[in-house]
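Peer 1: Just need the structure, nothing else, for what follows:
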Amino acid sequence: MFNLHNRTFLAIVIVLLVLAGCTPAVQTTPMAIDKGRYEPAVEHYPASVGVYFPDDFFDNNFYHETNDGHEHTFHNNPADATRQALTLAFETTFAQVRYLDTLQEGLDAADLAFVIVPNIVSMVADLAPEVIAVMVAYQFDFFAESGHFHSWRISGIDSVNRPQMQSAQTIQTINGPVIRESRPRAISPEKFDAVAKRAVWDAISVLLTEFDQQRPLTDMLPAPAVKGKAIELSSQLTTGQVTLAMVGPIFDQAQVQEKQRLEACLIEEINDNGLSLQTVPQNDLRDQLYPWFSRNNYPRHLNELELIIQEPAVKERLQGMGVQYVLKWDGETTLSASEGQLYMTPYGILGYESADKTSVVRADLLAVEDGRVVTS
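Peer 2: The predicted structure is shown next:
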């Protein structure tokens, strides 16, 4: 005689096993942002604003499947990371920020210029065999006593090249040798979250740098002021040494080794000439001038760099670092191979091959004092 309770328990176990087999392995890690690394070089507005995170803000869950044969599914909820990044952005941009429990609370407050309501619109990932790329999109709605008056949508993106496994392997089977093609290394949850986190930073950098272009907002605020300490003359200025910051052609030169080598060659050439110059490589400058040198804001043309240097907060930051000049450069190295001579010897034919290498560099020197081009 069957026991009803045992049969029910067995049925539950079978259902759970079936569901477990149909559900992809979900990997996730906490996505937190270390705000201590950045002190944004932006101006601030001497005004108070309110910030209200909607009730469903922290329910934004996104799932992404790899397209590389590893069959991994990554889960990510960028809400906490976004909240941390926005806290830095808002408290840097405004003199006072009040976080609200309800939207109405902000609308009733007479001392607030307006209320900001952030929303996470989407988070798209491309987990192809060649690259890990993540794009996150936000919408910011702004409210005043009269109600909703402005919407602003921004997005951020980041990517990294994926390392390949070692070359194809040949495996002996009963039917003969089989060549197993190489494939990318499996993406770890930590690697995925690192790219997603930088995409969040990139989006917030757009908010920081383009805020003053939102006229419906700036018309409701007093004139911005530079936030920071008074500029002190660096000891380098008194010793006669000149500090030169170098800005290359692309955001991440580490992914284009030729550009990285060319920058190293330029620095070596400057040092070999015995000039009283101290160079600041691009990677060091990028963190110091966040958010102006993020992926979305990176100056790809000379006129874009001129506008950035003319920003009062950027100028203050550069002068505080002791940087007097910024070198905007771009270039390429061409390699033209040519055959060398051949020699007949008792041991066979020996020869050599030579190549001509030519580097062409375009460089523009800008003065931090006024942001203008000094020479090219």
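Peer 1: Every contact and neighbour count from this point should use C-alpha atoms.
Peer 2: OK.
Peer 1: Would you mind listing where the stretch 201-350 of the chain has pLDDT under the threshold?
Peer 2: 228-240, 253-255, 336-350 (pLDDT under 70).
Peer 1: so where do the helices sit in it?
Peer 2: Per DSSP state H, counting those that start in this stretch, the stretch 201-350 of the chain carries helices over the ranges 215-218, 235-239, 257-272, 282-288, 302-309, 312-320.
Peer 1: which one of those lies closest to Ala186?
Peer 2: Across the helices of the stretch 201-350 of the chain, Ala186 has its closest neighbour in helix 257-272 (23.7 Å, Cα to Cα).
Peer 1: Name the residues of the closest one that come out as buried.
Peer 2: Within helix 257-272, the residues that qualify as buried are Lys259, Leu262, Glu263, Ile267, counting by 16 or more other Cα atoms under 10 Å.
Peer 1: Out of the residues you listed, the closest to Glu306 would be?
Peer 2: Glu263 (20.5 Å).
Peer 1: one step back: which one among the buried residues of helix 257-272 gets closest to Ser276?
Peer 2: Closest to Ser276, out of all of the buried residues of helix 257-272 and judged by Cα to Cα, is Ile267, at 12.6 Å.
Peer 1: Report the spatially nearest residue to that closest one, omitting neighbours in sequence.
Peer 2: Thr279 (7.0 Å; Cα to Cα, 6 or more residues apart in numbering).
Peer 1: Pretty sure that neighbour sits against Gln241.
Peer 2: No - assessed by Cα atoms under 8 Å, Thr279 is found out of contact with Gln241, at 10.6 Å.
Peer 1: who's more crowded, the two?
Peer 2: Thr279 (19 against 15; other Cα atoms under 10 Å).
Peer 1: Specify the beta-bridge partners of that one.
Peer 2: Here Thr279 sits in beta bridges with Leu244, going by DSSP bridges.
Peer 1: Roughly how far does it sit from Ile270?
Peer 2: 9 Å (Cα to Cα, to the nearest Å).
Peer 1: Give me the neighbour count for the nearest residue to Asn296 once chain neighbours are set aside.
Peer 2: Once flanking residues are discounted, Asn296 sits nearest to Asp202: 6.4 Å by Cα to Cα, 6+ apart. Counted with other Cα under 10 Å, residues neighbouring Asp202 total 25.
Peer 1: which residues touch the closest residue to Arg372 other than its chain neighbours?
Peer 2: Using Cα to Cα, 6+ apart and skipping residues adjacent in sequence, the residue nearest Arg372 is Leu366, 5.3 Å away. Residues in contact with Leu366 (Cα atoms under 8 Å, 6 or more residues apart in numbering) are Glu306, Tyr325, Val326, Leu327, Lys328, Arg372, Val373, Val374, Thr375.
Peer 1: Need the phi and psi values for Leu366.
Peer 2: Main-chain dihedrals, Leu366, degrees, to the nearest 10: phi -110, psi 140.
Peer 1: Which residues does it form beta bridges with?
Peer 2: Applying DSSP bridges, one finds that Leu366 bridges with Val326, Val373.
Peer 1: Could you check which helix or strand contains Ala89?
Peer 2: Element membership for Ala89 (DSSP states H and E) is helix 79-93.
Peer 1: Now do that helix, average pLDDT.
Peer 2: The average pLDDT within helix 79-93 is 93.
Peer 1: If you count neighbours, what's buried in that helix?
Peer 2: Buried-residue list, helix 79-93, by 16+ other Cα under 10 Å: Ala79, Ala81, Thr82, Arg83, Ala85, Leu86, Thr87, Leu88, Ala89, Phe90, Thr92, Thr93.
Peer 1: How far away from the center of its chain is whichever helix or strand comes after it?
Peer 2: Next along the chain after helix 79-93, taking DSSP H and E as the criterion, comes strand 94-99. Chain-centre distance of strand 94-99: 26 Å, with Cα atoms, centre = their mean, to the nearest Å.
Peer 1: Please enumerate the strands of the stretch 1-150 of the chain.
Peer 2: Using DSSP state E, counting those that start in this stretch, the strands of the stretch 1-150 of the chain run over 26-27, 43-51, 62-65, 73-76, 94-99, 115-127, 131-144, 147-161.
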